[in-house]
Structure formats: structure tokens, C-alpha cells
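1. Any chance you could fold what I've pasted below:
(chains A, B, C and D)
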Amino acid sequence: MTILVDKSTKVLVQGATGREGSSHTLAMLKYGTNVVAGVTPGKSGSNIGGVPIYNTVKQAVSEHPEINSSIIFVPAPYNADAVYEALDSGMKLIVDITEHVPVHDSLEFVNYARNKGVTIIGPNCPGVISPGDCKLGIMPGQIFSKGNVGIVSRSGTLTYEIAWVLTKAGLGQSTAVGVGGDPIVGRDTVEIIEMFEGDPETKALVVIGEIGGDAEERLALRIRQVGVKKPIVSFIAGRQAPPGKRMGHAGAIISMGSGSAGGKIKALEASGVPVAELPSQIPVLISKSMRQ
Amino acid sequence: MTILVDKSTKVLVQGATGREGSSHTLAMLKYGTNVVAGVTPGKSGSNIGGVPIYNTVKQAVSEHPEINSSIIFVPAPYNADAVYEALDSGMKLIVDITEHVPVHDSLEFVNYARNKGVTIIGPNCPGVISPGDCKLGIMPGQIFSKGNVGIVSRSGTLTYEIAWVLTKAGLGQSTAVGVGGDPIVGRDTVEIIEMFEGDPETKALVVIGEIGGDAEERLALRIRQVGVKKPIVSFIAGRQAPPGKRMGHAGAIISMGSGSAGGKIKALEASGVPVAELPSQIPVLISKSMRQ
Amino acid sequence: MKIHEWQARELFEKYNIPVPRGYLCRNADEVRKAAADIAKPVVVKAQILVAGRGKAGGVKHASSPDEALSIAQDMIGATIKGIKVTSVLVVEAIKPEKELYIGFTIDRAMRAVTLIASSEGGVDLEVLAKTEPEKIYRKNIDPMVGLHPYEAREAAYSIGLSDKSANDFTSICLKIFEIFNSVDADLAESNPLAVRFDGSLVALDSRITLDDNAVFRHREYYQVDEELSPLEMEAHAADLAFVQLDGDIGIIGNGAGLVMATIDVVAHFGGKPANFLDMGGGSSVESVYRAVKICLEQKSLKALFVNILGGITKCDDVANGLVRALKESQLKIPITVRMVGTNEEEGRKILSENGIWYLDSMETAAEAVVKSAYSRN
Amino acid sequence: MKIHEWQARELFEKYNIPVPRGYLCRNADEVRKAAADIAKPVVVKAQILVAGRGKAGGVKHASSPDEALSIAQDMIGATIKGIKVTSVLVVEAIKPEKELYIGFTIDRAMRAVTLIASSEGGVDLEVLAKTEPEKIYRKNIDPMVGLHPYEAREAAYSIGLSDKSANDFTSICLKIFEIFNSVDADLAESNPLAVRFDGSLVALDSRITLDDNAVFRHREYYQVDEELSPLEMEAHAADLAFVQLDGDIGIIGNGAGLVMATIDVVAHFGGKPANFLDMGGGSSVESVYRAVKICLEQKSLKALFVNILGGITKCDDVANGLVRALKESQLKIPITVRMVGTNEEEGRKILSENGIWYLDSMETAAEAVVKSAYSRN
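-> Take a look at the predicted model:
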């Protein structure tokens, strides 16, 4: 078992014929992901690497009722509409890759999804991969390897960096989840950790955090309050980031003296979570924590 | 047992200091209803017949956590706000007496309530009475008597008329529910019948319908499809109503050839429900149907 | 509450929904000028709040300004389906490639707004619903969430549109929904919504009715219902629910269901009710007084039946209002009062003191009023 | 994105939130006229997009038009906190009975809009939150449903208001929430919101920041961030996430987290990063080219580190962009490239052909770049 995605994940790609959509449809197919259909309004009848394209999600789902997950590459101004279209079509999991989604849009659809019991990952995220089983995202698949380390990350490329380090050290991954770099995301670090706690395949956890918000502080608090069933190690990006400056991600900003890397590291360490200074230290910390 | 209200019903009155609100607070108290508190913004500290008044529902509920139901006498322009205030404060049952509530308002709060699992009766309704136990409404209590007949009605005074006929005939009532005369109501005839089906106290049912909409037709359809566990008799008002004219209630209009009394009577009779031509025939029909 | 086509059209324009070029005109000269300005064949449409205006001669084509003038001379001031025409809409006549239907209404059972679309516009949707229901696309919209663009797009593809027509439909659909909400409509439709030669869409007709209960939020659209009789208008102005019927026995009661039932029971006993008059709950002395006065204004009334079951309504208020109205009107027809409920004893005392007869049972009273009406002849 | 106080004030006025009488002025003469027209003591407020303007001399009181003139002569054209003042807001000086706080912001963890109110306005809310948190009222608002009047009323009573003040607060609260949504704000506040002698409320200050990602819906408010350096402005215009730091090693990467980590790792090995430059995912040859050009515009750069982990980003695109930019700029400092991921081999081939050195590991590369930067001196 893994979390969120596995061999039973049947994928719809929304925005499948755009530049990113089409190239990642092909990349997911190549990885072995079960991509069943795509949607782009007005493009019904065409196909991407053999994957049939439909005008609407409804049409795709009625032709392919096995679809249970969607990945979205629809540009920000139309992104919310695509998310609702997926939400109202019976998806269990929606991965929203798109960046620059207005926060009022994501606030609304994230709440709607929670009321409906649908899991959204993202927006502004690299997606989810259970190496060897399913890649529902834009990460380079070859960097990941099957194993027992769960990764949850607020970053994209930094996740690849750390997965690569793990892979080279012989530590495969159960599932890696990029929750997204926006202030509002469908599932945050704490919630993904809770999912990993229930996954027998996952033996240790890596939390990749960054400045901004209080996801890491809330995780630390939760560990102090109710504990955590599996060893966790962490890496926090942005030790050198100056306050008040948005560091690329919409959510990555130290404001009013809160959300600094220092504060997060302190909180995690106070809860017994070792925080690596360099990515290369993570395999060592994991091996150590698993031995304890 | 009865449905919706009983001796455990602890009542909040919203709009308690207005003309209707205050007189019905007193009338409910006199009937024996457990009226715990009232709300009118700006009137905190005053009381109606000893019932303390608060500025907000939150304040009332924090002083009287036993409150589980609310009855609303707040004028139409502010009615939706009062309903949401009740909905967000943990009420299980909300009776909305107010008439002339805009249908876009009730559309929204009725959907919100359904998502939350809260029961709204009304708007534009006389409320609910379980004779002898609790009167959460504006009906004249003395007309009703305790017994085993359940009443569901789209009308106010016509309900009293028929309850009076029943009482005089020695047929007491378990609960009488006025669902409201608006096109959009929190619970409609079919849904109340379903509640009565699960109530051991109720042995027979009276459905009081009127022109407009298709509540009676849907009930007839349901009876044909899945049957009904208890004998039902009916009275439908508006046999003489001309098409296209709104007969007092916002919902009472025969439009585009549908919603006529004739159509409803035909549908009910086709499902085996006897329909009385005069109110006085109802006790006879009930006795007959209970004997079968 | 219905609003005029020109008002609905103005709303469509405000929301950038394409409509044919056109002008609202109040006299024949304006019509000629409008047609000349449009410089194409036009349609002259009587602005009256009644269905079936087309078949009754309220919509006519003119191929020249002079023809438009002559149509307008006949139409403005004429009476169509009982209503006097005071203004007309003059619009460019557009020959569509195809006619569609789009509308929003409210689904009572589902507690939702329903989007209705059809590839067969320009016909009576009610008729189409019976003959070819498969040609009608319906989708319920959650009122808490609103209409998503994808839902409008689904509708467009479902009725067979593509390319520019599908895009135009999606956009127009979203805009009509916005209008539907912004004015608290219970109906907003365009029928026909025309497809032009290039696939673009234009709303040839626009129809909106507002929720009566929300008119307080949209005073600017307040409109007297032209189909009401003068007496019905007077009653509505006095906040009474009043509908004229064909008979001769005046009916007053409290509560819509009770008054409808009263009418049915009177008819059951062979009476012919003259009207429906619901004073509503919680009637004051004043409103009872006005109700009786209006009811008695009906000519050829043979009897009056006042049926009160007091809940919010207090019997003594009713009795006081009755006494005052009857005194003023020097009543010449028999009156039957049935009165029970809240403050019943006080009310009956007032009636007794003023020599007004009352009964306990609605059915006994109905029989009595019928007898009183027709035995006098 | 911050907008100016006068723009926020205009929004408040548009939504009928009471504000003191006032004018936006662009020169000292306009200020004198404005003060004369107001005919009461005024406050002259520099319109600059930076916090702490009051303490830095950007807000001054004047009891006469002449005094206002003289203040304006000093203030307009002056530089406050590094920003040149080009306009001032002249408003009636109001002496409040009491100062309140009201604002809306976004709660990341709860995925909600938070209504914040306090009976202690006119102070720094962040400070108050630490010293007297019990004086701050917070309520999360479901963004699917919006703010109900009852919630605004609860807030009013909770911070101790009553009567007219409570009613005004409720109304202002609802209006600020409407503004918050209408412009896609991530902050909208009034601090202080003043209570006047008669209990009425007036917004003495208004502050709004918009969600950067929603600016495409509100082009009219688009504002260059005055706190940015010229180079940062240029980078933003080229759609690159760029922040200047104090060091001397240029950093370019793809992905915000990776670039932040790169900076941290470079610092770990004793380097001083000069900047943060995230080209984002899916960078094209063109955007890589622009990124390098902008990074190299930084004076006193001692080395350049390009760290690419290809996902969406294709290594060959990066390599092509790099080659083009380096050729044009005739690079005089050492460059270290770390490149792995999508189309890694194609990318490395291009680099090799152009004599650019690359490494596999970020940490090795970081160590190397630090060495290359400082060993040359």
C-alpha cells in the first residue's frame, strides 16, 4: 500500500492538449501511469499519445467510468472552473498542477472539496508519485525509486533533489507528495503526515518545508501533543531568506516576524525532529532515526 | 414518541421582542413549550414573560447550552440572516414562521441546512405541534388534542380547521406539521411523511395539499413505487382556483397546466389515497382506512 | 412579477448579451424614425405583460420605415388580449440559421435553480416538453455555489453546439444566470436565442419574471400587473391577496388554504364564489375593514361569507373591523360569519352586540350562505 | 500587491464607508487649497507603499492651510524610507472618542477568511496580539458562504460596542468584506476605525493588499512595488522571481524551494549569495537567457551558480539559453552549472560543446562555486 495513488489510479488529464498538459500526459504514460482520457473544450475526437480527448469531464467519465483521479493543467484564470468540473464528476483525488491560481479561487474550491470529501493536492504543486506504481504529477520519474520513505514537501524541485539523494543512498520512497507552494493548498503537511501514519508501507518520513505560513510549526505542535507513529526527519529551505520578501512561491514569505526557517527548525527540533542542514544529511538522519 | 418536537425541545425565539414574536413567545409559554431564551439585537437584558433576551444567538446558546431548536419571527429582509445565525449555532430544528421571504434567500439557506443536516420547517409556515408536549409555532393550541393522527399541511389555517374537525371527532394528533406555503420549503410533504412512517406514535396520516408545485404528485408517485406503511387520507384545497392566478400563498399557482387540484386528486386517488371533498369527511375516511 | 421585454432586454444589454439593434418607442413617429435608423427590415413588438402576444397580433414585421409607421399607428393605443398598448419595441429583423432556447427557472422539489436549454427554440417550451422531451436539456444548479462555466459548456455541447456557437452559448448562459440572481428572478429566458450565419448567437427575445417577495430589493422594476382587474389592483395596493372569480358570493377568510377550501366548500353546496380574499395572518382591525370594503365593491354580490379561524388572527380584531365596514357600507346583502379560535369569545360578543349572526362550523356556514344568497331571488 | 491608501480610501468611499473629508494632492499648492476647503485642522499623509510611514515623518498634522502648505513643501519630493513622495492625502483631522481595529485576512491553516476586530485600534495589531491577545476578536468566515450580517454583529458586541456604534460597525464590517472579495484582497483593514462623539464610526485609515495572483482581474490597481530595486523591477517585468541579497555569488535555479536551498547550501559552505532567482518550472530558452542577463547585471558578482533539476524544465532548453546569454555577456566571472533531470544528456552535450563546466551534485557544485568566487581574489 501507498498513499493517494497506486496501480488502481485511473487518470483524467484536464487541459490535456496544452503544452504542459500534452508533454506530461506522454511522460505519465511512459512512466506507466494509467492515463485513461483527457479533456480540452472543443478538442473532442483528438488524442494525445493514444489517450482520447473529450470536450467535457462529464463526457470523459461517461465513456470511461473507471476514472477516479484527475490532474489539472488548466491556466490560472480558468483553473477553478476545471477544479469544480472535476469535483462535481466523482473524482476521489484531484492534483492541481497550475501555478498563480488566485487565492480567493483556491479558498473556495478547497472548502468545497473538503465538504464533499474529495482530496485536492495543490494548486501550484508537482503532484504525487508512488514510485513504480503511479506518477500523477510532473516530477521526473527516474529520480524516484520504490521503498519505504514517505516524502511530503512544499516545494517541487527541492523534492526531486531530496528524492534523488535518497535514491542514491538506496532509500526508496513509498509515496512523495508535493503539497504545493501556495498559501492555500488542498492538503497541507500535517494532513499528509496523518495519511502516511496510516500507511503500513511507509516506515519513515521526510518533511521538506520552507519559509512562510505555519505548517511546520503546526506539525511540531501535533507531534508534541499526540506524538507521531513514525520517525520524521526534515529539511527547511530559506535559512538565508530576508524577511518581507516573497521567495518565488506565493506562500514563501516571512511576514510580521513569523514563518522564518529558524522558527520552524526550532519548533521541529523541540519536538524531536532532526532537521538536516544539507540534503545529503537526510539519508543519514533517516537511517539513524529508524534504528532508534 | 412524536416527530420533530416533544418535551425535550428547548426553544430559542429569534425576533422575540417584535409584535408577533412577543405574543407567540407568551402563547408558547402558556401552552407549556420550553421556551428558554429569545434574541433581538440591541435588546440584551430585557425579557418577555420572564424569558431572557440576548443580542445574539451565540450569546443565548452560551448562556443556555440546552437550546436545540429555534423559531424565527424576523421580517423577510433580515430573515435569511437569522436563519444562518441559527444554522451556525448548533440548532437541530429551525421553524421559520416569516412570510414573504425572497425565494433566492430560502433556496440558499435550505441547501445550506441540508448540507449541515439541520431540519428547517418553513418559511411561511405555522410551525409544528405535538399536542400536549410542545407547540413550536403560531397555531391556536386549544384546537389540537393528543392522539395518533399525523398531519402534514401546506396551509396554516386550513390545518387548524382540519385539526379541529379531528379533535371534535375524538381523533387526536401525534404531530401536526405545517410545511409552509412558499415554493421552496425546508422539508416538503414527502419528507414529513417519511418521518411519520418512522414514528410508532402515528397510526394514520392526513395530507393537506393545495394547488401549485408537485409535492402531492411526488407523494403519490412514491406511494406507487415504494408503498407507504401507514394509511393516508387527504384534502386538497383549490378545486375552484383559476389557472395562472396566485391564490394567496407564493407557491399556490396553477402554471402551464400543472399543479391543479384535479391533477393532484387524480394522482393521489390512483395511489389509493382517498381524498375528502369536505373537511368533515376526513375523520370518517381515517376511521375507515385504519380499519382496513 | 413580470417585467417588460424592453426591461429584460436592457438587462441583457447591460450584461453584454448580444441583442438585435432596437429602440423602445411610445408613438408611431418614433417608430418610423427607429426603423429608418436601423435601415433594415424590423419587427414591431407590443410591450404588454401577457403571454401569447404574437398570435394576438402584438408582433409584426415591417420591411420599410413607412410600413413600420403604419403598423405602429394600428398597434399603439390598440387593446391586445385586454391590455392597452402604450409602447412598442422596434428591433432589427434577424433571419436566424437556427433557433435555440435558454432559460433559468426554480425547481421546487430539488430546491435548485434549473438551467434549461434546447436546440429547438422559438417554440413553446411547455409543448416541446410534452412532445419531444429528449430535446430539452436540464441541469440543476446548486444555489449555494452558482453556475460554473463548465456547466454552461456542458449544456452547449449537449444541445449540439460547437466552436463559436458553443463559446457564445457558454458566455450568454453565464450572463443570464448572473441576471437571474442579480434581480431575484424566478424565470429568465431567451426564446429564441438565434444562431446567425457565422455561428454567433443573438438573443431575439428576452423574458424575465421577478420573485414577488424580492421586489423590495428591486423597486426600480416594480410593475403593476396589467392583467389584474381594477379591483384586484386596489386590493393588492391594500396588501390583500384578492382574485376575482365568476360567481356571486363574496368570500373573505384568513389564510390562503382556508380561503381556497372555503371556496371549494361553497361550490360543493352549489354556491358560486365571486372572489378569493385572504386577509393573511395577524390581520388588524384596519385590514379587515379594507377587506370587507373591497369585497363589497363587487357588483351583483348576492351574499358575503366571512370565514375566520383565529391563530395569529384575533377574532375580536376581525369583529371590530367587520362592524365598522358593515356600518359604513349599509350592507344590503346577507352576511354569514364563521368565527372560531383566538379571542373567539370576545369576537363573538362584539358580533352579537351588533346583531351579526355567526356560526361554528365552516360547512354549516357555507350551506347557510348559499341558501341565503339564492333564496332571496 | 499593496495599493495606495488613497486607492483603498476610494474603494471605501465607493462602498459608502464613512471616511474623513479629504483630497489627494500632487503639489503643495493643491494641499493648501484642500486644507482651506476642509476649513478644519487636517492631516497630511505621504502616499508611499511602505509600512511605518508615520514614525518616519510621513504623517503630519496642520492646524491651518498655511501650515499644511509648509508641511507639503517639505514632504512632497522628499524621500521617506527610501521612497520618493509624489502625492499626499489631505484629510480632516478627527479627534476620536475611541479607536477600533477592523480587518480581514486569510488563515492558511483553516483555509478561511479571518475577520479580526479589536476595541484597541490605532496600535500595531501584531504587537497587541503578543501583549494582550484577549483584546483581539477573531472569527473564521467560510469562503463558500461569505460573511453574514449576524457575524459582523457578533464581532461588534464582542468588542464591547452597542447602539449606533454596533450598527455602524456591522455595516462597515460587511462593506469591507465586500471590498475584500471584490478586489481579491489578501488584507483589507481600517486601523484606526474611529468612534466619534455621537457613537458614529469613521475609517481614519484604510489599507488593502491584493493577491498577486489575481492582479489579472484587477489591472486598474496594478502598481509597481516601490520597495523593489530597479533590477528587481526589471526581473519582475520579465516574469522572473528575483530578490536581491547582500552577497556576491549569483544564484539561478528552477523552483523556489530549490533556489532557497541552493542559497542555504552556498552559505553553508561560506559563500555569500547575491540574489534569489527562480526561473520557475517549464522555463524556455528565452527565459533562461533573460534570467542570466539580469543576474549578471548585478555589480561586484564574483561567481555565478546555475542549479537545474529538470522536471518540467528541460535541461537542453536551459543549456541553450545559458550559451546564448554567456556569449552575449562575455562573462568575466567563473560559472558553475549543476544540471540533472529531464533531457539531461542533451543539455550536457550542449554545455560541453560550448565549454561550460557542469556537476552532478548540488553540494559539490556549491562548494566549487564558493571556491571559484573567493580564490580568484
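2. Surely C:Ala46 and C:Arg53 touch.
-> Yes: with contact defined as Cβ atoms under 8 Å, C:Ala46 counts as touching C:Arg53 (5.8 Å). Every residue, glycine included, has its C-beta placed from N, CA and C.
3. Which residue of the two possesses the greater neighbour count?
-> Neighbour count, other Cβ atoms under 10 Å in any protein chain shown: between C:Ala46 and C:Arg53, C:Ala46 has more, with 26 against 19.
4. follow-up on the earlier one: are there residues contacting both of C:Ala46 and C:Arg53? Which ones?
-> C:Val59, C:Ile80 (Cβ atoms under 8 Å, 6 or more residues apart in numbering or on different chains).
5. residues touching A:Pro140, list them.
-> A:Tyr160, D:Leu309, D:Gly310, D:Gly311, D:Gly341, D:Thr342.
6. Tell me how far the last one lies from chain A.
-> Distance of D:Thr342 to chain A, computed by Cβ to the nearest Cβ, to the nearest Å: 5 Å.
7. cool, and the fourth one?
-> With distances taken as Cβ to the nearest Cβ, D:Gly311 is found 5 Å from chain A.
8. which ones are touching that residue?
-> Counting by Cβ under 8 Å, 6+ apart, D:Gly311 has contacts A:Pro126, A:Ile138, A:Met139, A:Pro140, A:Gly156, A:Thr157, A:Tyr160, D:Asn254, D:Gly255, D:Gly281, D:Gly341, D:Thr342.
9. quick one, phi psi at it?
-> Main-chain dihedrals, D:Gly311, degrees, to the nearest 10: phi -120, psi -90.
10. cool, the fifth one as well?
-> Note on D:Gly341: its backbone torsions stand at phi 110, psi -150 [degrees, to the nearest 10].
11. Can you give me every residue that contacts it?
-> By Cβ under 8 Å, 6+ apart, the neighbours of D:Gly341 are A:Pro140, A:Ile143, A:Tyr160, D:Ile308, D:Leu309, D:Gly310, D:Gly311, D:Thr313, D:Cys315.
12. Present those residues as JSON lines; the columns should include pLDDT and secondary structure.
-> Converted to JSON lines, these look like this (pLDDT from 0 to 100; DSSP: H, G, I helix; E, B strand; the rest coil):
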{"residue": "A:Pro140", "pLDDT": "89", "secondary structure": "coil"}
{"residue": "A:Ile143", "pLDDT": "91", "secondary structure": "helix"}
{"residue": "A:Tyr160", "pLDDT": "94", "secondary structure": "helix"}
{"residue": "D:Ile308", "pLDDT": "93", "secondary structure": "strand"}
{"residue": "D:Leu309", "pLDDT": "90", "secondary structure": "strand"}
{"residue": "D:Gly310", "pLDDT": "84", "secondary structure": "strand"}
{"residue": "D:Gly311", "pLDDT": "76", "secondary structure": "coil"}
{"residue": "D:Thr313", "pLDDT": "84", "secondary structure": "coil"}
{"residue": "D:Cys315", "pLDDT": "91", "secondary structure": "helix"}
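13. For the chain, just list every one of the helices.
-> The chain I'm using is chain A. Applying DSSP state H to chain A gives helices spanning A:19-31, A:57-63, A:76-87, A:103-116, A:157-168, A:189-197, A:215-226, A:261-270, A:282-291.
14. looking at chain C here, not the other one
-> C:5-14, C:28-38, C:65-75, C:125-131, C:149-158, C:163-182, C:230-237, C:256-268, C:285-296, C:315-329, C:344-353, C:362-375.
15. Show me what from the stretch 1-150 of chain C comes close to chain B.
-> C:Ile106, C:Arg108, C:Ala109, C:Arg111, C:Ala112, C:Val113, C:Glu126, C:Asp142, C:Pro143, C:Met144 (Cβ under 8 Å from any Cβ of the partner chain).
16. Please indicate which of these has the highest neighbour count?
-> C:Val113 (25 neighbours).
17. For it, name its beta-bridge partners.
-> On the basis of DSSP bridges, C:Val113 is bridged to C:Ile106, C:Ile141.
18. pretty sure it contacts C:Asn140?
-> Yes: judged on Cβ under 8 Å, C:Val113 makes contact with C:Asn140 at a distance of 7.2 Å.
19. list residues touching both of those two?
-> Shared contacts of C:Val113 and C:Asn140, counting by Cβ under 8 Å, 6+ apart, come down to C:Asp107.
20. quick one on the thing from earlier: of the residues of the stretch 1-150 of chain C next to chain B, the lowest pLDDT goes to which?
-> Least confident entry in the residues of the stretch 1-150 of chain C next to chain B, by pLDDT: C:Glu126, with 82.
21. sorry, back to before: packed most tightly, which of the helices of chain A would that be?
-> A comparison of these by mean neighbour count, using mean count of other Cβ atoms under 10 Å in any protein chain shown, puts helix A:157-168 on top with a mean of 26.
22. Does anything pack onto that helix? Which helices or strands?
-> strand A:146-153, strand A:173-178, strand A:204-210, strand A:232-237, helix A:282-291, helix D:256-268, strand D:303-310 (3 or more Cβ pairs under 8 Å, 6 or more residues apart in numbering or on different chains; DSSP states H and E).
23. Now do it against helix A:282-291, angle only.
-> 70 degrees (axes from the mean of the first three to the mean of the last three Cα atoms, to 10 degrees).
24. the inter-axis angle of helix A:157-168 versus strand A:146-153?
-> If you take the same axes, to 10 degrees, helix A:157-168 sits at 160 degrees to strand A:146-153.
25. residues from the stretch 51-200 of chain A in reach of chain D?
-> A:76-77, A:99-105, A:107-108, A:110-112, A:114-115, A:126, A:138-140, A:143, A:153-161, A:164, A:181, A:183-184, A:188.
26. Just give the nearest non-adjacent residue to the residue of chain C found nearest chain A, would you?
-> Distance from chain A to each residue of chain C (Cβ to the nearest Cβ) is smallest for C:Tyr150, at 3.8 Å. Nearest residue to C:Tyr150, sequence neighbours excluded (Cβ to Cβ, 6 or more residues apart in numbering or on different chains): A:Glu85, at 3.8 Å.
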